[in-house]
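Chemist: pasting the sequence and the predicted coordinates here, then a few questions.
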2 protein chains.
Amino acid sequence: MKSYPKGVTTNSDAGVSGYEEYYPIFAAMEEVGLVLELHGELPSNAQDNICVMNAERAFLPKLTELHRLFPKLRIVLEHATTCDAVEAVKKCGDTVACTITAHHLDITIDDVVGQAHNFCKPVAKYPADRAALLAVVQEGHPRFFLGSDSAPHSKDKKEIACACAGVFTSPYLMPYLADTFEKHGMLHRLGPYTSEFGAAFYGVPKQVETMTLVRQPLVVPEIVKGNIVPFRAGQTLAWSIKSV
Amino acid sequence: MKSYPKGVTTNSDAGVSGYEEYYPIFAAMEEVGLVLELHGELPSNAQDNICVMNAERAFLPKLTELHRLFPKLRIVLEHATTCDAVEAVKKCGDTVACTITAHHLDITIDDVVGQAHNFCKPVAKYPADRAALLAVVQEGHPRFFLGSDSAPHSKDKKEIACACAGVFTSPYLMPYLADTFEKHGMLHRLGPYTSEFGAAFYGVPKQVETMTLVRQPLVVPEIVKGNIVPFRAGQTLAWSIKSV
């Protein structure tokens, strides 16, 4: 096993005991070619003014540092939500990628407050953050690709005083995306974003199975699987999956 | 009626047609001594990156401008939530005051996302914003005083897909505040903040009726008035209202 760098400052952010103890694992992952998947947020901490709105931004220096220390380790910053994350990942080398969900391309914090079914972690941020996510996908940057981060919490775990975090997109993931991509004039990016860039980064062979989308309205049901309210429930999407 | 200033730039922020059409009214209010109460937020507008998190900050230049144009008009910026608002009101003259709610002294955006009973407009912001609200109250600034902005939405209007905005604090308003003020070592500011500064600004005589708080635990009920979940439901406050 490769030895890992010494002399790194101890990180004691808000109860995070530091990442150093994981360095031997990261070094081993780098050596054998495993991918490190990160939920990139620091814990909320009033003293340092860290909350759900800036927890991702506060984490980004850690991402940069990990990449510097382990430059061959493939890292995926999962479900990024901010323009800062887009910039940070772009500045890293080719071993660092980033996933973006269908819902973070569509909503902002305005759609989260008071709307439990849009509440997930990381929370959707400012309009300018959403715009940056859309822009990097529109640009066709190969290190930014789909990660659904879909979570099926039942209605009775959502429409309560303290909702579970998670947005359920699985059943209509591709129609949601086609709807959004068309709205932003980037349908030509849908294939690479959903099915090529990620596979290339992970080094998995191109899949044989295909799916065909048709421009046919789809009304998202109010409830699926008995008691789960899906993303954009009741709304009409411009695209459907073609039955085979 | 006093004539009002001319030549002010038209404001077309996100569908706000401009405040100029109200200038004659503001001038009349200034003349007769009426107080202008403002909910100081611009409407959300993705193009200008305005959302619930910065809608108050984006409004503040309007407050400053109104104060400049109508320096004798008493203005209250209601339920302020940000350090920017505190700074802006401080910089205005003695005719501009600011109310702060019990809940905005206690919660941040972390307590709003996924928690419908803490969702109100303006939404609670960053920890540093809450700290600024606490600091100006702790300082005993006479132009910052209590405004409850309490809203009794029933549970079935809260624990749903799209919750009504509002936090219900009325039944335990003083115990909430005593609990918070004690936690921050500023119980000596409770009287002025709740009962003196506001009355002085509005020019109403000191009230004869009094209320006595006792340091006796109070468990906030899960439900009040049949179907309303109050702020901090189920939590124990250090202070109660003494029965007479």
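Modeler: Okay, I see it.
Chemist: ok, residue A:27 touching residue A:70?
Modeler: Yes - between residue A:27 and residue A:70 a contact is recorded at 6.7 Å, counting by C-beta atoms under 8 Å. In this view, the C-beta of every residue, glycine as well, is placed from N, C-alpha and C.
Chemist: residue A:134 reaches residue A:106, doesn't it?
Modeler: No - using C-beta under 8 Å, residue A:134 is not in contact with residue A:106, being 9.3 Å away.
Chemist: more neighbours: which of these two?
Modeler: Taking other C-beta atoms under 10 Å in any protein chain shown, residue A:134 and residue A:106 do not tie; residue A:106 has more neighbours (22 against 19).
Chemist: that one and chain B, how far apart?
Modeler: 11 Å (C-beta to the nearest C-beta, to the nearest Å).
Chemist: before we move on, what about residue A:177?
Modeler: 19 Å.
Chemist: what mean pLDDT does the helix or strand encompassing that residue get?
Modeler: Assessed by DSSP states H and E, residue A:177 sits inside helix A:173-183. Taken as a whole, helix A:173-183 has a mean pLDDT of 98.
Chemist: dump stretch A:127-145 to CSV, restricted to CA.
Modeler: C-alpha atoms of stretch A:127-145 as CSV (Å, rounded to 0.1, in the frame of the first residue of the first chain):
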residue,chain,number,x,y,z
PRO,A,127,-31.6,30.6,-8.6
ALA,A,128,-28.0,31.4,-9.6
ASP,A,129,-26.9,28.0,-8.3
ARG,A,130,-29.5,26.2,-10.3
ALA,A,131,-28.4,28.3,-13.3
ALA,A,132,-24.8,27.2,-12.8
LEU,A,133,-25.8,23.5,-12.7
LEU,A,134,-27.8,23.9,-15.9
ALA,A,135,-25.0,25.8,-17.6
VAL,A,136,-22.4,23.1,-16.9
VAL,A,137,-24.8,20.4,-18.3
GLN,A,138,-25.6,22.6,-21.2
GLU,A,139,-21.9,23.0,-21.9
GLY,A,140,-21.6,19.2,-22.1
HIS,A,141,-18.8,19.0,-19.5
PRO,A,142,-17.9,15.3,-19.4
ARG,A,143,-17.2,15.3,-15.6
PHE,A,144,-20.8,16.4,-14.8
PHE,A,145,-23.5,13.7,-15.1
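Chemist: that one: how far from the chain's middle?
Modeler: 12 Å (C-alpha atoms, centre = their mean, to the nearest Å).
Chemist: same check on stretch A:148-156?
Modeler: Distance, centroid of stretch A:148-156 to centroid of chain: 15 Å (C-alpha atoms, centre = their mean).
Chemist: picking that back up, would you mark the buried spots in the helix holding residue A:177?
Modeler: Within helix A:173-183, the residues that count as buried by 16 or more other C-beta atoms under 10 Å in any protein chain shown are A:173, A:174, A:175, A:176, A:177, A:178, A:179, A:180, A:181.
Chemist: and after that helix, which helix or strand comes next?
Modeler: helix A:190-191.
Chemist: and that following helix, what's its mean pLDDT?
Modeler: Mean predicted confidence for helix A:190-191 is 97.
Chemist: wait, doesn't residue A:120 sit right on residue A:168?
Modeler: No - with contacts counted by C-beta under 8 Å, residue A:120 stays clear of residue A:168, the gap being 9.6 Å.
Chemist: more crowded one of these two?
Modeler: Comparing residue A:120 with residue A:168 by other C-beta under 10 Å, the one with more neighbours is residue A:120, at 28 against 24.
Chemist: that one belongs to a helix, doesn't it?
Modeler: No - using DSSP: H, G, I helix; E, B strand; the rest coil, the assignment for residue A:120 is coil, not a helix.
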